[in-house]
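*Asks:* Next comes the sequence, and after it the predicted model I'd like to discuss.
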Amino acid sequence: MRNVAVFVGLFLPMGLMAPGVAQELALRTSTDTRIVLDLRRRQISVIPAGQRLGPWPVAIGDPQTPTPKGTFSIVSKQVNPVYLSTKEGQRRELVGPSSPIGDRYFGFHRDGRGEFGIHGTPWPHWVRRRASVSRGCVRMLNAHIRELFDVVEVGTPLQI
């Protein structure tokens, strides 16, 4: 078995930055860029140095498992994160744009429910409908998360 760490159904290769170190780095990183997630409108924008990219539509957490509100920082950034599926009692690792978390992932908050992230999705209809269907994560169209991924670094503030 590969050496991995688990985050809410998400498996990350060991050797990536430890969560505590990532949070410390995120708090020390200075940036003019910030991400703004408007839960009411269900849209996300990135504001680098006073400009605005987006807004892009998002799907958010359902009422039973809402997307957390507050000010956070991006603590991890991954291309092709591994999602662990245990559907039908079988363990399968899913990677890439057709996995439930797409091919780009930003971690932004961790609590007793697990890690929350902004990620892609193979189900674009939920994003286009701006649905509240996730366990608290923020889903974006794969093309949009790739645009966001190119301009956001670990440590970027996220305002929800």
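*Replies:* Nice, thanks for sending it over. Residues are numbered from 1 along each chain as shown.
*Asks:* Look up how far S99 lies from W123.
*Replies:* 11 Å (Cβ to Cβ, to the nearest Å). Where you see a C-beta, it was placed from the backbone N, CA and C, and this is true even at glycine.
*Asks:* When these two are compared, which one has more neighbours?
*Replies:* Neighbour count, other Cβ atoms under 10 Å: between W123 and S99, S99 has more, with 23 against 15.
*Asks:* On the three-state scheme, that one is what?
*Replies:* Secondary structure, DSSP: H, G, I helix; E, B strand; the rest coil: S99 is coil.
*Asks:* Need phi/psi at it.
*Replies:* phi -80, psi 160 (degrees, to the nearest 10).
*Asks:* That one and H119 touch, don't they?
*Replies:* No. Here S99 does not reach H119: they are 9.2 Å apart, not a contact under Cβ atoms under 8 Å.
*Asks:* shared neighbours, these two?
*Replies:* Residues touching both S99 and H119 (Cβ atoms under 8 Å, 6 or more residues apart in numbering): P81.
*Asks:* Enumerate every residue touching the most centrally placed residue in the chain.
*Replies:* Note on the chain: the residue nearest the mean C-alpha position is I118, at 1.9 Å, using Cα atoms, centre = their mean. For I118, the contact set (Cβ under 8 Å, 6+ apart) comprises 35, 37, 44, 58, 105-106, 108, 137-138, 140, 145, 148, 158.
*Asks:* For beta bridges, what are the partners of it?
*Replies:* Counting by DSSP bridges, I118 forms beta bridges with F106, V138.
*Asks:* Check which residues of the host helix or strand of L84 are buried.
*Replies:* Under the criterion of DSSP states H and E, L84 resides in strand 82-85. Neighbour-count burial for strand 82-85, counted by 16 or more other Cβ atoms under 10 Å, picks out 82-84.
*Asks:* for the chain, what spans make up the helices?
*Replies:* Along the chain, counting by DSSP state H, helices occupy 19-28, 124-128, 142-151.
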